[in-house]
Structure formats: structure tokens, C-alpha cells
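Chemist: structure, please.
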Amino acid sequence: MIKKSFLLASVYFLLGVAGLKLAIQPGYASAVFPAAGVAFAAILYCGYRLLPAVWLGSFAINLWVAATHADLDYRNMLVAAIIGLGSTLQAWVGVRLVRYRLKDAWRNLDNDHDILLFLFLAGPLACLISSAWGNTALLLFRVVSDDEVLFNAWNWWIGDSIGVMLFAPLGLMVLQRSIPLWKSRIKNVALPLFIVTASIIGAFLYVSHTETLRIKQAVADHGRSLSNQLRAKLLSYDEIVSSINNLLQTNPNLHFADFETFTRQTLQDHLDLQALSWNPVVKLADRTHLETELGREMRIKDFAFTQRDAAGQLVPAAQRNEYVVVRYIAPLDKNRHAQGYDIASDTVRKAAILSATRTGKPAATAPIRLVQARDSSAGVLLLRP
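Modeler: Take a look at the predicted model:
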């Protein structure tokens, strides 16, 4: 019995893994699940002592599913054990139903009534158990969401039902191959059934592969479209920043009122822009003078350069040889906290500054939290030297 149990568990696992190649995400429900049919046939023919082998095979399959998602922890081990109980209960109930209604007629299945009743009891009826049991476990452990559970349960039930109706008869043919009636069915029934099943699975894989390629192509096309749109946006932004650079070249003594007037129309035309700013490089020796001058111009008492501390709060900037300070920023009302911020005090911003000064070309930061942002939303700085 130990050898039979090990053989059944191994066959269940191998057929289950093969069946899950047709699975939908998260990988627990397959379009065809042959292991359910083999398990039912083995228990029906050999007896209930093989039920632990069904649990072991199911447990191993679901551990494999978790491992393929790189998520093998105690929670998924518990889920696998619970799903295994559902698979075992399904095989037991299916066998009980068939033996109760058909008595010993299942050993021959030589009339249409017995065949149809056999397939219905073992397939669609009994397979409700594993589908309901397994998906309840997946839902309770949040492996699937509320929106996904019904679709997953439906596919699970379909896969188990087809697996039983196709592979339970094949299993019985193999197990009872010494009986002349079943031996003749191997040639007359099993071979055509196997060919039809293989054709269906092949067609499914072909359609699935074709659909996957179509989706990948659609995603790639969408990505190229977004990339082109983003590139066009960045080019327009670079032109805007370049115009500000030209303004500063022609008017180095620019005041904030002039800066705000110049940028107002641009900001109205580009609502996706958070702000436009002028960030001069300031030496340590010039810091106090610029803080006083800018504080007087903007009517801010005790104005000082700022940086973020370890807690993310704005504090007076530490002394260093050089600063890159937000002198003017527009619109001022929603960006006031950024004025005076030393963008070189942040490593991500400083990396973009160094890139821009080294190449003489515009450089963008990685996504960052803007100083003036009131939430955790991210932004990007485009810097032009």
C-alpha cells in the first residue's frame, strides 16, 4: 500500500503540475486538471486507504505554485494543506456518490445511463467541493481578492470537472486492463479520447500563446506611444526652461515680479507643470547677503536657506562651500515652501545637477518628493545648466 500511495502521490503531482500549465493567475485553477480524474479512479478502484496520497499530491502541487511565485512561507504552506484537504474530500465524496448510486455497475459501465450518471456524479457534482473549499481558503488568506474569487472558482470547477470526466475513465481502463471488456476499450475509447484531449490542449496552448503575443505587442505599442508623448513633453519643457535661461542672460538683475510675469502664461498653457524656478549657485561667502536681499524683496522676516533633516522637516541649511538655491519660483502661492531650498542638499537632486553641469545638457531627477508637496506624491525636476 505504501508503494501505491507513493505512486499515486507522484502521478497526482506530475499531472497537477502539467495541468497548471493551463492555469490562470494566481495559478491555482486550471482549464483542465487531469490529476482530479486520476485521483478519483485510484480511490474508486483501490479503496479509501489511498486518500492520504491524494492529500500529499495536492499539498505538493500547491507548494510548487507558491514556490514559483517566490512566496513560500508558513501562510502558503497552510493554504496548500487546506486545499489538499478539499481535493481529498472531493475524491472521497465522488467515490461515495458513485458507489451509492451505481453499486457495482461502475466496474462495467456498459450502458448509457450508467456512463452519464458516473460522469455527472464524479465530475460536475463532486467537483463543486474542491472549488468551493479551495477558493474559500484563498479568499480567507487574501491570495485572491473578492473580485477574483468567483471567476477563479468557476475555472477551478470547470478544470476539475473536465479532468475527472476525461481522465477518470482513462484511469479505470489502465487499472482494469486485465479485464477483457476494459482492455478492448483501451483501443476503441482511450486512444481516440487521448487524441481529442491532446488536440484540445494543443489548441488551447496555441490560442493562449497567440493571445499572449497580441497582448505583449499591444503593451509594447502603448509603451512606444507613451514614450513618444513623454519625449515630446520633455522637449517642450526644455524649450520652456531654455526661454527662462535666455531671460536671465538678457536681464541678470531680474526681480521676482518680472519672473512671475514671464512665466504666468506658460504655466497656464501647461497645467501639468508644478512650478518653474531659478536656482542660482551661491557661494558660502555670499549666503548672508543673498538671504537678506531675498528676504527683503519677498517680505519674509528672518529668511534663510533650507534643507531637509533626517525626519524630512525643513531646517536652516548647514554651512557648506556652495549652495544651489531656489531663488524665484512660480506660481508662488502653492510653492512658497520651496523658496530658499538648497536643491544640492539632496543626493538625488545633486546627481542631476552634476550630470547637467558635466554635460551642459538638461538632466532630470529620479522621482522625488517635492519640497512644496503636501502629500507623498512624487515629482520630477528637469534641470538646465
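Chemist: just say helix, strand or coil for residue 282.
Modeler: Under the three-state scheme (DSSP: H, G, I helix; E, B strand; the rest coil), residue 282 adopts strand.
Chemist: ok, residue 303 next?
Modeler: With three-state DSSP as the criterion, residue 303 reads coil.
Chemist: now it. Nearest residue, chain neighbours left out?
Modeler: residue 295 (3.0 Å; C-beta to C-beta, 6 or more residues apart in numbering). From N, CA and C alone the C-beta is placed, and that goes for glycine too.
Chemist: next, report how far the host helix or strand of residue 40 is displaced from the centre of its chain.
Modeler: Under the criterion DSSP states H and E, the helix or strand holding residue 40 is helix 34-46. Chain-centre distance of helix 34-46: 35 Å, with C-alpha atoms, centre = their mean, to the nearest Å.
Chemist: would you indicate which residues of that helix are buried?
Modeler: Judged by neighbour count (16 or more other C-beta atoms under 10 Å), helix 34-46 contains these buried residues: 34-45.
Chemist: as JSON lines, these with pLDDT and distance to residue 185 would be great.
Modeler: Conversion of those to JSON lines gives the following (pLDDT from 0 to 100; distance: C-beta to C-beta, whole Å):
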{"residue": "34", "pLDDT": "89", "distance to residue 185": "18"}
{"residue": "35", "pLDDT": "92", "distance to residue 185": "22"}
{"residue": "36", "pLDDT": "93", "distance to residue 185": "21"}
{"residue": "37", "pLDDT": "93", "distance to residue 185": "15"}
{"residue": "38", "pLDDT": "93", "distance to residue 185": "17"}
{"residue": "39", "pLDDT": "94", "distance to residue 185": "20"}
{"residue": "40", "pLDDT": "95", "distance to residue 185": "17"}
{"residue": "41", "pLDDT": "94", "distance to residue 185": "13"}
{"residue": "42", "pLDDT": "94", "distance to residue 185": "18"}
{"residue": "43", "pLDDT": "95", "distance to residue 185": "20"}
{"residue": "44", "pLDDT": "95", "distance to residue 185": "16"}
{"residue": "45", "pLDDT": "93", "distance to residue 185": "15"}
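Chemist: in TSV, list those residues along with distance to residue 13.
Modeler: As requested, the buried residues of helix 34-46 are exported to TSV (distance: C-beta to C-beta, whole Å):
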residue	distance to residue 13
34	12
35	8
36	13
37	15
38	11
39	11
40	16
41	16
42	13
43	16
44	20
45	19
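Chemist: out of these, who's nearest residue 55?
Modeler: Using C-beta to C-beta, residue 39 is the member of the buried residues of helix 34-46 that sits closest to residue 55, with 9.8 Å.
Chemist: OK, contacts around the closest residue to residue 280 other than its chain neighbours?
Modeler: In space, and not counting its chain neighbours, residue 280 is closest to residue 327: 5.5 Å by C-beta to C-beta, 6+ apart. With contacts defined as C-beta atoms under 8 Å, 6 or more residues apart in numbering, residue 327 is in contact with 277-280, 290, 294, 339-340.
Chemist: re earlier: and the helix holding residue 40, what does it pack onto?
Modeler: Counting contacts by 3 or more C-beta pairs under 8 Å, 6 or more residues apart in numbering; DSSP states H and E, helix 34-46 is packed against helix 2-19, helix 51-68, helix 74-102, helix 146-175.
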